[in-house]
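Visitor: Quick one, structure for this:
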Amino acid sequence: MDKKLRVGVIGLGGISGVHIPALMDLPLAKIAAVCDVKEDRLKAGMEKTGAEGYTDYREILAREDIDIVHILTPHYLHAPMAIDALRAGKHVLTEKPMASTIEDAKAMIRAADQSKGTLNVIFQNRYNASTVELKRIIDSGEAGRFLCARASVCWHRTEPYYTQSGWRGKWATEGGGSLINQAIHTLDLLSYLGGPIKRVRGHVSTDTLEGVIEVEDNCHAVFEYESGATGVLHTTNSYAVDSPILLEMVFEKAVYQLVAEKLFRIVDGMPELVLKGEDARELGVKSYWGASHKYEIARVYECIANGVPFEIDGRSGFPALCLVKSIYRSSETGKWVELEKV
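Guide: Purely as a prediction, here's the structure:
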């Protein structure tokens, strides 16, 4: 492909401040249309990109010159917008989570199977240099058999974060709380690095924000991999700060930790730095978003231009959402829940 892909950006909230600069720096991309229901955001987006503006995303989908849309809207809108776009023959890049329900995620995958467009999901932390190196180590076999993993996401979210958004904190629109919004990137890495997860048992609760939100602000869970390895998970939005995310993986011959974007090897109980990674703060974005959106976006466009599948399609993005929803179901039933496959 020797021409630029013409892009429609749907949703001009906070995360668009990461996608738009990445697109404006990408030789393969040309932002041709932007969309938001809020006039101030739409005006700002038009001024920044020079693109035409719309308040109805369907008008973007009706344009024959639009090749791909970025869906950066609240969670509950990801599925209907993606399905409409795929039916219109557009490529789709959607922010996490790919959907707010398992049923919607499956519908998106079916729509992609029937479309000339492709469904691609943002999980940018797979492209962190530290994650890439740990994946290489795992795949090489040098660390030996994978035994267990633990993950901790201890962050801080206040009442205004939910009440001022209009959609966060509600099952119908956010689809969950700390798991589906803050921790889903870590859940994705648990299965991406560790392999398929077979079953999970967990508990969620609404503690510090009880009476403010419907969804959980705390979770703990245990899970079993198909390989026989085990894992534990803790997430909270009740901490006083956004603490660096910890993901530890134990192998027969080594123990590794991802701490934020750094990779450590644990030797005699002490961490030794393997790879520093890239500091997102140097890029002018929120540090907890990571630094690798630009790498994933560039990879999506490279794949489309070359006519090859992108690594994180709907089926690859599904396990993290399935793990989230299975933990919710386990919390309701008090039982182990087997994870679904697509």
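
Visitor: Glu248 is in contact with Arg150, isn't it?
Guide: Yes: taking Cβ atoms under 8 Å as the definition, Glu248 is a contact partner of Arg150 at 4.9 Å. Heads up, the C-betas are built off the backbone N, CA and C, glycines and all.

Visitor: Give me the distance between the residue lying farthest from the centre of the chain and Lys276.
Guide: Farthest-out residue of the chain from its mean C-alpha position, per Cα atoms, centre = their mean: Asp268, at 33.8 Å. According to Cβ to Cβ, to the nearest Å, Asp268 and Lys276 sit 21 Å apart.

Visitor: Kindly report the same for Leu147.
Guide: 26 Å.

Visitor: more crowded one of those two?
Guide: Leu147 (16 against 11; other Cβ atoms under 10 Å).

Visitor: List the single closest residue to the more buried one in space, sequence neighbours excluded.
Guide: Val250 (4.7 Å; Cβ to Cβ, 6 or more residues apart in numbering).

Visitor: now Glu133
Guide: Leu275 (5.2 Å).

Visitor: Tell me how many other residues crowd the one you found.
Guide: Here the number of neighbours of Leu275 (other Cβ under 10 Å) works out to 18.

Visitor: Please tell me I have it right and Asp84 contacts Arg58.
Guide: Yes: here Asp84 lies in contact with Arg58, judged by Cβ under 8 Å, at a distance of 6.8 Å.

Visitor: Looking at the two, which has the bigger crowd around it?
Guide: The neighbour comparison of Asp84 against Arg58 (other Cβ under 10 Å) goes to Asp84, with 16 against 12.

Visitor: which residues of this structure fall in helices?
Guide: With DSSP state H as the criterion, the chain has helices at 16-24, 39-49, 57-61, 75-87, 102-113, 129-140, 159-163, 184-194, 293-306, 314-333.

Visitor: List the contacts of the residue nearest to Leu147.
Guide: 146-149 (Cβ atoms under 8 Å, 6 or more residues apart in numbering).

Visitor: try Arg63
Guide: 8, 32-33 are the contacts of Arg63 under Cβ under 8 Å, 6+ apart.

Visitor: Dump the C-alpha coordinates for stretch 83-90 into PDB.
Guide: Extracted as PDB, the C-alpha positions of stretch 83-90 are listed here (Å, rounded to 0.1, in the frame of the first residue of the first chain):
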ATOM      1  CA  ILE A  83     -19.800  -3.900  14.800                       C
ATOM      2  CA  ASP A  84     -21.200  -1.000  12.800                       C
ATOM      3  CA  ALA A  85     -17.700  -0.100  11.500                       C
ATOM      4  CA  LEU A  86     -16.900  -3.700  10.600                       C
ATOM      5  CA  ARG A  87     -20.200  -4.000   8.700                       C
ATOM      6  CA  ALA A  88     -19.300  -0.900   6.800                       C
ATOM      7  CA  GLY A  89     -16.000  -2.600   5.800                       C
ATOM      8  CA  LYS A  90     -13.700  -0.500   8.000                       C
END
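
Visitor: Is there a neighbour count for Gly13? I'd like the number.
Guide: Neighbour number of Gly13 under other Cβ under 10 Å is 14.

Visitor: Grab the nearest non-local neighbour of it.
Guide: Leu72 (6.5 Å).

Visitor: Tell me the confidence at the one you found?
Guide: pLDDT for Leu72: 98.

Visitor: Please tell me I have it right and it contacts Gly17.
Guide: No: in this structure, Leu72 is not within contact of Gly17 by Cβ under 8 Å, at 9.7 Å.

Visitor: what about the two, which has more around it?
Guide: Neighbour comparison, Leu72 and Gly17: the larger count goes to Leu72, with 26 against 15 (by other Cβ under 10 Å).

Visitor: residues touching the residue nearest to Gly13, list them.
Guide: 9-13, 15-16, 19, 95.

Visitor: again with Gly53
Guide: Taking Cβ under 8 Å, 6+ apart as the test, what Gly53 contacts is 33-36, 42-43, 45-46.

Visitor: so what's Val200 bridging to?
Guide: Taking DSSP bridges as the rule, Val200 bridges to Phe223, Val337.

Visitor: which residues touch it?
Guide: 221-224, 323, 326-327, 330, 336-337, 339.

Visitor: Filter these down to the buried ones, ChimeraX style.
Guide: To isolate the buried ones among the contacts of Val200 in ChimeraX, judged by 16 or more other Cβ atoms under 10 Å, type:
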select :221,222,223,224,323,326,327,330,337,339
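
Visitor: Turn the contacts of Val200 into TSV, including pLDDT.
Guide: Shown next, in TSV, are these (pLDDT from 0 to 100):
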residue	pLDDT
Ala221	98
Val222	98
Phe223	98
Glu224	98
Leu323	98
Ser326	98
Ile327	98
Ser330	98
Trp336	98
Val337	98
Leu339	98
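
Visitor: any idea how far the residue nearest to Pro244 when sequence neighbours are not counted is from Arg299?
Guide: Leaving aside its sequence neighbours, Pro244 sits nearest to Ala260 (Cβ to Cβ, 6+ apart; 4.0 Å). As judged by Cβ to Cβ, Ala260 and Arg299 stand 22 Å apart.

Visitor: swap in His293?
Guide: As for His293, its distance to Arg299 is 11 Å (criterion: Cβ to Cβ).

Visitor: which one of those two has more residues nearby?
Guide: Ranked by neighbour count (other Cβ under 10 Å), His293 and Arg299 place His293 first, with 22 against 17.
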